[in-house]
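Asker: Structure for the following, please:
(chains A and B)
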Amino acid sequence: MDWRLQRDLFIGFFRAGMLGYGGGPSAIPLVHKEVVERYGWMNDEEFSDILALGNALPGPIATKMAGYIGYKVGGVIGLVNALAATVLPTVLLMITLIGTLVAFRDAPVVQGMTKAVTPVVGVMLLTLTYSFLKQSGRRLGWTSTLILGVLSLIAYQFLHMHPALLIAILLLYALLKKEKNPGDHDEQDPQHA
Amino acid sequence: MLYWQIFLAFFIPGIVGYGGGPASIPLIQNEVVHRYGWLTLDQFGEILALGNALPGPIATKMAGYIGYEVGGIPGAFIALFATVAPTVLAMILLLQVLYRFKNSPKVKRMTSLIRPTIAVLLGVLAGEFLFDSWQTSGVFHTAILGGASVLLMEKWNVHPAYVIGGALLYGALFLG
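Answerer: Next comes the predicted model:
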């Protein structure tokens, strides 16, 4: 077993879990920072695939990402390791601190701390949004990106369509569409090569 | 029997809760308060409030703590397992299928078509966090914290850990 890799996995997901104030979704940019930027276990494209699929499946997002990335990078041990790092520290904190927390929960200092982290998380998510848009513009072209982006925004924000449904429709469309313009420069097509 | 109930109580919200951890909170409440009666609504609300004051995913904090209260350490592990394992396994299976056909143009198109949607979902989430902050802390603090975050993380490449630490300090001093 690669101890160094497992140690890195633990540290990476521990950090993302402990810094992720505001529930699982706020950990997404932190996981991205560790997995893509710091350790380079995967590139932006793989990360966004995982995020897309993770969003299409039920259950907490942070642990779905930790579980899959841990498995991909470090096998079954990596899976357990990354999950434990994401989940156990905060659960232990909760169990041990609950008495103290009851006393301090309404303390203005604690509430102020929680409030101050919110815009920081907002900015981190915005940065990630921008990098995905840029990447998409490069691969799909800016026109298609803009059209798909605006359509998604309308469907999700104004028609309140469920994100899982939205992603499923796009995946189905991609699967069923006729091969007319291959979109990007594929080196090989297994069916027609 | 109790362990089986703990498993079910967290398994069902886990697989039904679309939209990440926060979406499964009302479902967990339904199981632990209404179905099994392990906690009163007040107790549940208290745990939720405390959980929100701590970092990390909320669904697993709730599962771990309630599992521990109801069934000790094995209870905590069973509740965590039930929350996390089913969807992680589904994710691994689906991604393996996807990557087996990685070079097929269809799969390539699939992954590039969903990218703008993912960006939009993240953007909306970002908007919700910023809007929430604007409402609870006001324009002034939101602008200072947001602006400082952009500069520190994007321009000067400061690790988010320090930025979050700084924000916690700022909040304790000025928003308390």
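
Asker: residues contacting residue B:67?
Answerer: Contact analysis of residue B:67 by C-beta atoms under 8 Å, 6 or more residues apart in numbering or on different chains lists B:6, B:10, B:75-80. For the C-beta atoms, the positions are set from N, CA and C on the backbone; glycine is no exception.

Asker: Work out for me the element residue A:98 sits within.
Answerer: Using DSSP states H and E, residue A:98 sits in helix A:61-104.

Asker: Return the set of buried residues in the next helix or strand after that helix.
Answerer: Next in sequence after helix A:61-104, counting helices and strands by DSSP H and E, comes helix A:108-140. Residues of helix A:108-140 classed as buried: A:110-129, A:131-133, A:135-137, A:139-140 (neighbour count, 16 or more other C-beta atoms under 10 Å in any protein chain shown).

Asker: Ok, stretch A:34-53 next?
Answerer: Buried residues in stretch A:34-53, counting neighbours by 16+ other C-beta under 10 Å, are found at A:34-36, A:39, A:41-42, A:44-53.

Asker: Contacting chain B as well, which ones from these?
Answerer: Among the buried residues of stretch A:34-53, the ones lying near chain B by C-beta under 8 Å from any C-beta of the partner chain are A:45, A:48-53.

Asker: how about low-confidence regions in chain B?
Answerer: Residues of chain B that meet the criterion pLDDT under 70 lie in B:17-23.

Asker: Which residue ranges of it form helices?
Answerer: Ranges of helices within chain B are B:2-16, B:21-29, B:41-53, B:58-100, B:105-113, B:115-150, B:160-170, based on DSSP state H.

Asker: can I see the domain layout of chain B?
Answerer: Listed by automatic domain parsing, the domain ranges of chain B are B:2-100, B:114-175.

Asker: how much distance is there from the longest one to the middle of the chain?
Answerer: Average the C-alpha atoms of domain B:2-100, do the same for its chain, and the two points are 11 Å apart (C-alpha atoms, centre = their mean, to the nearest Å).

Asker: Ok, stretch A:6-22 next?
Answerer: Its chain's C-alpha centre and that of stretch A:6-22 lie 13 Å apart, by C-alpha atoms, centre = their mean.

Asker: Please report how far the closest residue to residue B:152 other than its chain neighbours lies from chain A.
Answerer: In space, and not counting its chain neighbours, residue B:152 is closest to residue B:158: 4.3 Å by C-beta to C-beta, 6 or more residues apart in numbering or on different chains. Applying C-beta to the nearest C-beta, to the nearest Å, the value for residue B:158 to chain A is 11 Å.

Asker: Now do residue B:69: how many residues are near it, please.
Answerer: For residue B:69, the count of nearby residues is 18 (other C-beta atoms under 10 Å in any protein chain shown).
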